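J.: Just the structure for this:
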Amino acid sequence: MILTVDIGNTRIKGAVFEQYTLVEFFVFEVEELQKKIENILKKYPNLKYLVVSSVGNLEKEFFLAFESRLKVHFVTHNDAFPFENKYATPKTLGIDRMVLAAGATLQFPGQNRLVIDAGTCVTYDCVDADDNYLGGAISPGIRLRYESLHNYTAKLPLLSMGNPETFIGDSTVNAIHSGVVNGLVYEIDGFIEEFKAKYSKFIIILTGGDADFLAMRLKNTIFANSNFLLESLNQTFQYTINND
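T.: Below you'll find the predicted structure:
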């Protein structure tokens, strides 16, 4: 069994896998991490690997403390990946984006893939049908958009994520909701339209913490899976150990 852990910018997510089957999913805060992992190890004594992907600031030493109980693997740029990295600055490509690209490559062979990860940031990653990673885009996520409107203006309030009541906001609150949510939906649909115009035989994958919120608002047909990163992390590790 494998425990995968993704250290994001705002949350930590984990999942236990038996081969390629997701057994249990976890979400927790940094301060809960040690206790959560201890509880997971007690619940699943057959765990053999702890696989970590991190874009956050948590120190590796924390996970290495579990090495006496299972093998710890940190996903790095030196791992084997199932695509050719065509990024102009490959060492600056985030590990999370590489893992998502790997999962898309392995799950959807022979297709052009666009992976959209809607979290703290919204990332767009393109892998073509010949398994070339081409690059993508990075923009602010929903919460960053709300926070920036509040932090960089004198009077706009800080709002929690909400549904726009109308397309034309008839109050400051409704105008902010419309601008943030509809603005991001139009952005995502625009990227998808550009991708569809360039490629045939494609799959659009939407994941991340805000995936379910956004999926129902997009006009394009997508494959939405909020656990896609953790599934991809498991698949990437399986690929790595089979291709070292």
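J.: quick one: least confident helix or strand in the chain?
T.: One helix or strand of the chain scores below all others by mean pLDDT, DSSP states H and E: helix 60-64, with a mean of 80.
J.: and that one, what other elements does it pack with?
T.: In terms of contact count using 3 or more CB pairs under 8 Å, 6 or more residues apart in numbering; DSSP states H and E, helix 60-64 is assigned the packing partners strand 49-54, strand 71-74. Bear in mind the C-beta positions are built from the backbone N, C-alpha and C, glycine included.
J.: Tell me where the model's unsure across the chain.
T.: In the predicted model, the chain carries pLDDT under 70 at residues 55-59, 244.
J.: Spit out the contact partners of residue 63.
T.: By CB atoms under 8 Å, 6 or more residues apart in numbering, the contact list for residue 63 reads 5, 50, 52, 72, 74.
J.: Apply 6 Å and report the result again.
T.: Listed by CB atoms under 6 Å, 6 or more residues apart in numbering, the contact partners of residue 63 are 52, 72.
J.: again, but for the one 10 residues further on
T.: Applying CB under 6 Å, 6+ apart to residue 73 gives the contacts residue 51.
J.: about what we covered before: will you turn the helices and strands packed on helix 60-64 into JSON lines that also has distance to residue 138?
T.: Putting the helices and strands packed on helix 60-64 into JSON lines (distance: least, CB to CB, whole Å) gives the following:
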{"stretch": "strand 49-54", "distance to residue 138": "17"}
{"stretch": "strand 71-74", "distance to residue 138": "23"}
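J.: if we compare those strands, which one ends up closest to residue 217?
T.: Of all these, it is strand 49-54 that lies closest to residue 217, at 28.0 Å by CB to CB.
J.: mind saving the C-alpha coords of stretch 225-233 as PDB?
T.: What follows is stretch 225-233 as a C-alpha-only set of coordinates in PDB (Å, rounded to 0.1, in the frame of the first residue of the first chain):
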ATOM      1  CA  ASN A 225     -11.800  15.000 -10.700                       C
ATOM      2  CA  SER A 226     -10.800  16.800  -7.500                       C
ATOM      3  CA  ASN A 227      -8.500  13.900  -6.500                       C
ATOM      4  CA  PHE A 228      -6.600  13.800  -9.800                       C
ATOM      5  CA  LEU A 229      -3.300  15.100  -8.300                       C
ATOM      6  CA  LEU A 230      -3.200  12.400  -5.700                       C
ATOM      7  CA  GLU A 231      -4.100   9.700  -8.200                       C
ATOM      8  CA  SER A 232      -1.400  11.100 -10.500                       C
ATOM      9  CA  LEU A 233       1.100  11.100  -7.700                       C
END
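J.: how about it: buried residues?
T.: For stretch 225-233, the neighbour count (16 or more other CB atoms under 10 Å) marks 225, 226, 228, 229, 230, 231, 232, 233 as buried.
J.: re the thing from before, looking only at the least confident helix or strand of the chain, what residues are buried by neighbour count?
T.: Using 16+ other CB under 10 Å as the test for burial, helix 60-64 gives residue 63.
J.: So what touches stretch 45-61?
T.: 1-7, 63, 66, 70-75, 94-96, 99, 233, 237.
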